[in-house]
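Enquirer: Below are the sequence and a predicted model; questions follow.
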Amino acid sequence: MVKKDSSTTVTTEMPKENVDTNMKKSELHKFFLAALKDIYYAEHALVDGLDKMQKSATTEELQDAFEDHQLQTKKHISRLEKVFTLLDEKAEKKECEAIKGLIKEAEEIIKSTKEGTMTRDAALIIAAQKIEHYEIATYGGLVQLALTMKHDKIANLLEKTLFEEEETDYNLTDIAETSINFEAEEED
Ligand SMILES: [Fe+2]
Ligand SMILES: [Fe+2]
């Protein structure tokens with residue numbers, strides 16, 4: 001029902017939320033689904049990653065921030081499960097090399113900084129923000145694709161997660177700039 005390749009505005013009768021057989025065959029739909037599986041994997045990996053980061057952080061403030069975001073991350077997983085349901089697809093993980101690398105980088109920081117130092121927290125915040133930025137880029141793009149494909153409910157769910165990732169990023173900046181970076185600078 002969708003005419004292939006037309007740069008003019010095409011009006012179609014796409015169903016409101018999803019997924020008829022034609023759409024399921026489209027390359028964009030396949031890409032969208034693969035990207036959802038990728039971030040579904042990433043969110044699972046982050047539950048463990050945030051756990052390690054929380055246990056390794058020096059300050060209670062940063063420990064709490066990681067703990068709060070771990071709880072949010074579990075919500076992100078269940079939102080993605082709703083998205084798969086709305087698409088009439090099984091929730092599946094697809095290994096995500098990017099998040100594996102970012103988590104590895106956080107682990108390297110834990111190894112290479114001294115326990116109990118503010119330098120460790122300053123470095124962990126940057127590692128965590130790299131992760132948030134990856135998620136923000138992913139969810140930002142997926143929200144736009146969902147809107148384009150008229151998956152309004154899905155766009156809405158993904159946008160909720162996007163806002164939480166953004167909020168976490170701001171929060172981490174705030175923690176770094178109000179205390180941790182300055183205290184790290186004082187360390188030998
Ligand atoms: Fe997340
Ligand atoms: Fe996140």
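Expert: Alright, I've got the coordinates. Ligands and ions are numbered 1, 2, ... in the order given.
Enquirer: Skipping its backbone neighbours, what lies nearest A122 in space?
Expert: Using CB to CB, 6 or more residues apart in numbering and skipping the chain neighbours, the partner closest in space to A122 is A184 (4.1 Å). Any C-beta I mention is one placed from the backbone N, CA and C, and that applies to glycine too.
Enquirer: How many residues are close by the one you found?
Expert: 19 (other CB atoms under 10 Å).
Enquirer: And the helices in this structure?
Expert: For the chain, the helices defined by DSSP state H occupy 21-25, 27-56, 60-86, 97-112, 118-148, 152-175, 181-186.
Enquirer: got the ones you listed as JSON lines, with mean pLDDT and distance to ligand 2 columns?
Expert: Below are the helices of the chain laid out as JSON lines (pLDDT from 0 to 100; distance: least, CB to the ion, whole Å):
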{"stretch": "helix 21-25", "mean pLDDT": "73", "distance to ligand 2": "29"}
{"stretch": "helix 27-56", "mean pLDDT": "97", "distance to ligand 2": "6"}
{"stretch": "helix 60-86", "mean pLDDT": "98", "distance to ligand 2": "6"}
{"stretch": "helix 97-112", "mean pLDDT": "98", "distance to ligand 2": "10"}
{"stretch": "helix 118-148", "mean pLDDT": "98", "distance to ligand 2": "5"}
{"stretch": "helix 152-175", "mean pLDDT": "98", "distance to ligand 2": "5"}
{"stretch": "helix 181-186", "mean pLDDT": "96", "distance to ligand 2": "21"}
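Enquirer: Any idea which of those gets closest to ligand 1?
Expert: Evaluated over the helices of the chain, closeness to ligand 1 peaks at helix 60-86, with 3.8 Å, by CB to the ion.
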